[in-house]
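1. Would you be able to build a 3D model of this:
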Amino acid sequence: MSTTIKTILRPALQKLDGSYTLFLRVTINRKCKYFSLNKSVHQKFWDEKKGRVKYGENNYLEINTTIFDAETRAENIKHDYEVIQRKTLTLDKFETLFNLDANSILTFENFVNQYIKTDLSLDKETVRFYKSQVSKLAKFKQTVYFQDIDVNFLTKYQNYMLHDIKPKPNKPITATKSLNFLKNIINKAIKKNILKENVFKDFTLHHYDGEREFLTIIEVEKLENLYYRIDIKDNEKRVLKYFLFTCYTGLRWGDIKDFKVKNIIDIDNDFFVYVPSMQKTQRPVKIPLIDKAKKIIDFDNINFNLSEMKLFDNYCSQVTNRLIKRCCKLANIDKSISLHCGRHTFATICINLGISIEVIQSMLGHTRLATTLIYSKLLDKTKTQQMDKWNTTL
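-> Numbering: from 1, shown residues only. The predicted structure is shown next:
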């Protein structure tokens, strides 16, 4: 069964002012039904390909919002009925459900939920992040419409995150991350002609490097000793396996959770970790597979014919980070460590070992050398803090 949904002009229904009424056309098994959107537009301002009103028509943003809302409701009915409930959708049933939902108004939350449903390229972590951000925004204001989001709204939301949010205020970098999420979604709404411009052009977002916590070689060895202990719990051993591999290779979470046998390649009898398109930068990277990395994945017993087999049994990011913190505590490491700190650990240890900054940049997949140099500056800061002990203890 095929169900298609499209917004159209009906040439036979021209109004006295020369405009045409907009209809949502729903086709199921080659039979059509038309639903009036109670909006009209002149044909010269209608983009047939995009199904949107062009700039120049009066109230074009309002009309495009109506179109998007109607299409969203229709797609949701189609998805819930055919995919979730696995039932056969008829035109009569669609009309009943569509009319029940006719009072729906496009909100920021509805837009994000529709985007999540339609963009199949989003991974689970991104979807989880989007939903958490929508939930966070709802605690500030229960229902948010795009027209609510102005400079005053952004200022109040930022102050709420920095001072009033429970259980404790956000750090500036966390608040900025949430504001960047709003900016990103607003840009998507602009591309769909729901908004004309981004309010963030009048609102300054500050850049924060954040704290790049990392482990020293000695601290990595402590976790290695914990990993190979016979009394370690299964869930702790499971998470340490891929966290330590991250420390040995510098891979990001998105790359480590999908790491497969095929991501280990042989080049002239030297083995490399190979990621053809690294998450975030989309750059290919090759990282030599050191002996410790081989040991932790039981390299000698890998069946390379099973190229699609995953090498790690990953928890979700929240559980992973909670278990890493527990393991650090068991190893007497007094630092707030997350999975991404494994990447920082790899970079700083490479610098300590005297590996050239250009080689490190290549292995990390950084597009800019300045990004890699941050780790060098981080080590300089650590050295200063350590040397300050001369001033405080002698």
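2. remind me which residues of the stretch 51-200 of the chain are low pLDDT?
-> Low-confidence segments of the stretch 51-200 of the chain (pLDDT under 70): 100-106.
3. Now stretch 138-149: buried residues?
-> Burial within stretch 138-149, assessed by neighbour count using 16 or more other CB atoms under 10 Å, is assigned to Val144, Phe146, Ile149. Every residue, glycine included, has its C-beta placed from N, CA and C.
4. now, among those, which is nearest to Cys328?
-> Checking the buried residues of stretch 138-149 against Cys328 by CB to CB gives Val144 as the nearest, at 38.4 Å.
5. Count the residues that sit near the nearest residue to the closest one once chain neighbours are set aside.
-> Residue nearest to Val144 in three dimensions, not counting chain neighbours: Phe108, with 4.3 Å by CB to CB, 6 or more residues apart in numbering. Look at Phe108: counted by other CB atoms under 10 Å, it has 21 neighbours.
6. who's in contact with stretch 199-209?
-> 149-151, 154-155, 172-173, 176, 179-180, 182-183, 186, 374 (CB atoms under 8 Å, 6 or more residues apart in numbering).
7. meant to ask about stretch 249-266, not that
-> Outside of stretch 249-266, the residues that reach it under the criterion CB under 8 Å, 6+ apart are 123, 125, 242, 245-246, 271-275, 278-280, 286-287, 289, 293, 299, 302-304, 306-312, 314, 317, 339-340, 342-343, 346-347, 350, 363-364.
8. Which of those residues are buried? Put it as a PyMOL command.
-> Per 16+ other CB under 10 Å, the buried members of the contacts of stretch 249-266 correspond to this PyMOL selection:
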select buried, resi 242+245+246+272+273+274+275+278+279+286+287+289+293+311+312+314+317+339+342+343+346+347+350+363+364
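9. Which of the contacts of stretch 249-266 fall within strands?
-> Judged by DSSP state E, the contacts of stretch 249-266 include Phe271, Phe272, Val273, Tyr274, Val275, Lys286, Ile287 as members of strands.
10. Let me have those in JSON lines, adding pLDDT as columns.
-> Formatted as JSON lines, the ones in strands among the contacts of stretch 249-266 follow (pLDDT from 0 to 100):
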{"residue": "Phe271", "pLDDT": "93"}
{"residue": "Phe272", "pLDDT": "93"}
{"residue": "Val273", "pLDDT": "93"}
{"residue": "Tyr274", "pLDDT": "93"}
{"residue": "Val275", "pLDDT": "90"}
{"residue": "Lys286", "pLDDT": "92"}
{"residue": "Ile287", "pLDDT": "93"}
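11. so which of those residues would you say is closest to Lys191?
-> Nearest to Lys191, judged by CB to CB, of the ones in strands among the contacts of stretch 249-266 is Val275 at 29.3 Å.
12. I'd assumed Val285 was in contact with that closest one.
-> Yes. Between Val275 and Val285 there is a contact under CB atoms under 8 Å: 5.1 Å.
13. Give the residues shared as contacts by the two.
-> Common neighbours of Val275 and Val285 are listed as Gly365 (criterion: CB under 8 Å, 6+ apart).
14. where's the residue most central in space within the chain relative to Glu75, distance?
-> In the chain, the centroid-proximal residue (CA atoms, centre = their mean) is Thr126; its distance is 3.0 Å. Note on Thr126: its distance to Glu75, by CB to CB, to the nearest Å, is 20 Å.
15. Rounded mean pLDDT for stretch 31-47, please.
-> The average pLDDT for stretch 31-47 rounds to 90.
16. Identify the farthest-apart pair in the contacts of stretch 199-209.
-> Asp150 and Ile374 (34.5 Å).
17. Just want to know which of these two has more residues nearby.
-> Taking neighbours as other CB under 10 Å, Asp150 and Ile374 compare with Ile374 leading, 14 against 11.
18. can you tell me which residues contact Leu97?
-> Taking CB under 8 Å, 6+ apart, one finds Ile77, Tyr81 in contact with Leu97.
19. Helix, strand, or coil at it?
-> Here Leu97 is helix, with the state taken from DSSP: H, G, I helix; E, B strand; the rest coil.
20. Could you chop this protein up by domain?
-> If you go by automatic domain parsing, the domain ranges for the chain are 3-100, 108-202, 217-392.
21. one step back: out of the buried residues of stretch 138-149, who's nearest Ala12?
-> Of all these, Phe146 has the smallest distance to Ala12: 33.6 Å, by CB to CB.
22. The closest one contacts Phe108, doesn't it?
-> Yes. The pair Phe146 and Phe108 passes the contact test of CB under 8 Å, sitting 6.2 Å apart.
23. Just to be sure, Leu9 is in a strand?
-> Yes. Per three-state DSSP, Leu9 lies within a strand segment.
24. Show me the beta-bridge partners of it.
-> Beta-bridge partners for Leu9, by DSSP bridges, are Leu22.
25. What pLDDT is listed against the nearest residue to Ser362 once chain neighbours are set aside?
-> Distance criterion CB to CB, 6+ apart; nearest residue to Ser362, sequence neighbours excluded, is Val285 at 7.2 Å. As predicted, Val285 sits at a pLDDT of 90.
26. Over to Phe23?
-> 92.
27. And for Thr384?
-> With respect to pLDDT, Thr384 has a value of 63.
28. can you check Asp209 too?
-> We have a pLDDT of 60 for Asp209.
29. Equivalent analysis for the one 3 residues further on, please.
-> Confidence at Arg212, expressed as pLDDT, is 73.
30. so is it in a helix, a strand, or just coil?
-> Three-state assignment for Arg212 (three-state DSSP): coil.
31. For His344, see how far away it is.
-> Arg212 sits 5 Å away from His344 when distances are taken as CB to CB.
32. what does Asn225 give?
-> Per CB to CB, Asn225 is found 21 Å from His344.
33. Cheers, nothing more for now.
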